[in-house]
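[1] return a 3D structure for these sequence lines:
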Amino acid sequence: MSGHSKWSQIRHKKSREDARRGKIFTKLIREIIVAARMGGGNPESNARLRAAIAAAKAVNMPKENIERAIKKGTGELEGETLEEYVFEGYGPGGVAVMVRGTTDNRNRTIAEIRKIFSKHGGSPGETGCVSWLFERKGVFVFNKKDVDEEKLLEKTLEFGAEDIKELEEDGTFEVYTDPLKFEEIKKKFEEEGIKFTFCEISMIPQTTVRLEGKEAEQMLKLMNALEECDDIQDVYANFNIASDVIEAMAS
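    As a prediction, the model looks like this:
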């Protein structure tokens with residue numbers, strides 16, 4: 001999981017940088033609209049909307065933009081018709097790739113995704129071909145030098161997290177939780193002053209594919225190209241690429 005986790009952290013950092021140019025706002029607004037449409041406009045009773053608003057605030061989206069998106073989702077304001085989709089396929093080296101997004105034109109979006117896969121050494125797959133490899137989990141990443149290892153282990157067990165892994169290569173710990181307990185455990189870590197470098201609810205692969213050389217380079221280019229697409233919200237893949245390679249490609 002080392003490479004997968006490192007990519008997630010770099011992606012979060014890139015999102016904050018993109019926010020300075022307003023580039024990430026389109027994706028976040030769409031997520032807020034869909035979340036409000038599916039579960040209502042009250043974030044207290046809609047966990048998905050609550051998470052979307054938190055993500056928007058993290059990149060300093062103006063309050064009025066958030067409120068307008070919620071109203072579009074609930075129908076109080078007129079907005080574009082969006083539908084959700086999941087696209088599955090394979091990257092270089094047989095890496096499983098799952099794409100989740102929203103679009104106002106499904107045919108256009110799917111055609112664009114197929115083109116991206118083809119350009120970067122991937123291939124489209126049938127529905128269900130890779131989704132079985134992933135499991136939805138809450139993930140917290142802790143830098144070893146920022147936490148007391150004994151306290152982290154103790155509190156992870158006490159808070160009801162499912163697993164903790166030490167990643168020697170990255171100098172980090174990863175804690176995995178039931179997604180339904182994610183917000184509760186996040187709050188407890190914050191109350192205890194146990195500092196995490198980032199956290200998210202993600203689709204975690206049960207197995208990984210180690211990539212090196214040209215295949216690693218192609219895979220990271222594929223991920224970058226997919227995440228540049230406005231109609232794509234999230235990209236999940238089961239690659240494992242050395243952290244220094246990921247950092248070099250991201251710089």
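[2] helices of the chain, start to end?
    2-19, 25-39, 47-58, 63-74, 106-119, 149-159, 182-192, 213-228, 243-250 (DSSP state H).
[3] which of the ones you listed has the lowest mean pLDDT?
    Mean pLDDT is lowest for helix 2-19 out of these, coming in at a mean of 63.
[4] on that earlier part again, for Thr207, which of the helices of the chain is the nearest?
    In terms of Cβ to Cβ, the element of the helices of the chain nearest to Thr207 is helix 2-19, at 11.2 Å. (Glycine included, C-beta is placed from N, CA and C.)
[5] measure Leu157 to Asp163 for me?
    10 Å (Cβ to Cβ, to the nearest Å).
[6] okay, the helices of the chain, which one's buried deepest?
    helix 25-39 (a mean of 21; mean count of other Cβ atoms under 10 Å).
[7] what's it packed up against?
    The contact analysis (3 or more Cβ pairs under 8 Å, 6 or more residues apart in numbering; DSSP states H and E) places helix 25-39 against helix 47-58, helix 63-74, strand 96-103, strand 232-237.
[8] let me know the pLDDT of Phe198.
    Taking Phe198 on its own, its pLDDT is 84.
[9] likewise Gly22?
    So Gly22 comes in at 66 (pLDDT).
[10] and what of Ser251?
    With respect to pLDDT, Ser251 has a value of 59.
[11] ok so, going back, just send the helices and strands packed on helix 25-39 back as CSV, with distance to Ile113 too.
    Below are these laid out as CSV (distance: least, Cβ to Cβ, whole Å):
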stretch, distance to Ile113
helix 47-58, 22
helix 63-74, 24
strand 96-103, 6
strand 232-237, 7
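[12] so what's the nearest residue to Lys188 once chain neighbours are set aside up against?
    Leaving aside its chain neighbours, Lys188 sits nearest to Phe159 (5.0 Å; criterion: Cβ to Cβ, 6 or more residues apart in numbering). Phe159 makes contacts with 184-185, 188-189, as judged by Cβ atoms under 8 Å, 6 or more residues apart in numbering.
[13] could you dump these to CSV with distance to Gln206?
    Shown next, in CSV, are the contacts of Phe159 (distance: Cβ to Cβ, whole Å):
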residue, distance to Gln206
Glu184, 25
Ile185, 22
Lys188, 27
Phe189, 25
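[14] specify which member of those residues is nearest to Thr197.
    Phe189 (11.7 Å).
[15] you'd agree that closest one is up against Ala161?
    No - between Phe189 and Ala161 there is no contact under Cβ atoms under 8 Å: 9.5 Å.
[16] any common contacting residues for those two?
    By Cβ under 8 Å, 6+ apart, the residues touching both Phe189 and Ala161 are Phe140.
[17] next one: the longest strand seen in the chain to chain centre, how far?
    As assigned by DSSP state E, the longest strand anywhere in the chain is strand 134-143. Here the centre of strand 134-143 is set off from its chain's centre by 10 Å, with Cα atoms, centre = their mean, to the nearest Å.
[18] and that strand, average pLDDT?
    The pLDDT scores in strand 134-143 average 92.
[19] and that strand, what does it pack onto?
    helix 2-19, strand 172-177, helix 182-192, strand 198-205.
[20] pull up the pairing partners for that strand, direction included.
    Using DSSP bridges, strand 134-143 pairs in its sheet with strand 172-177 (antiparallel), strand 198-205 (antiparallel).
[21] may I have the shortest one exported as PDB, CA atoms only?
    Okay, so that is strand 172-177. Provided in PDB are the C-alpha atoms of strand 172-177 (Å, rounded to 0.1, in the frame of the first residue of the first chain):
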ATOM      1  CA  THR A 172       4.400   6.500   8.400                       C
ATOM      2  CA  PHE A 173       1.600   4.600  10.100                       C
ATOM      3  CA  GLU A 174      -1.700   3.900   8.300                       C
ATOM      4  CA  VAL A 175      -4.900   3.400  10.400                       C
ATOM      5  CA  TYR A 176      -7.900   1.800   8.700                       C
ATOM      6  CA  THR A 177     -11.500   2.200   9.900                       C
END
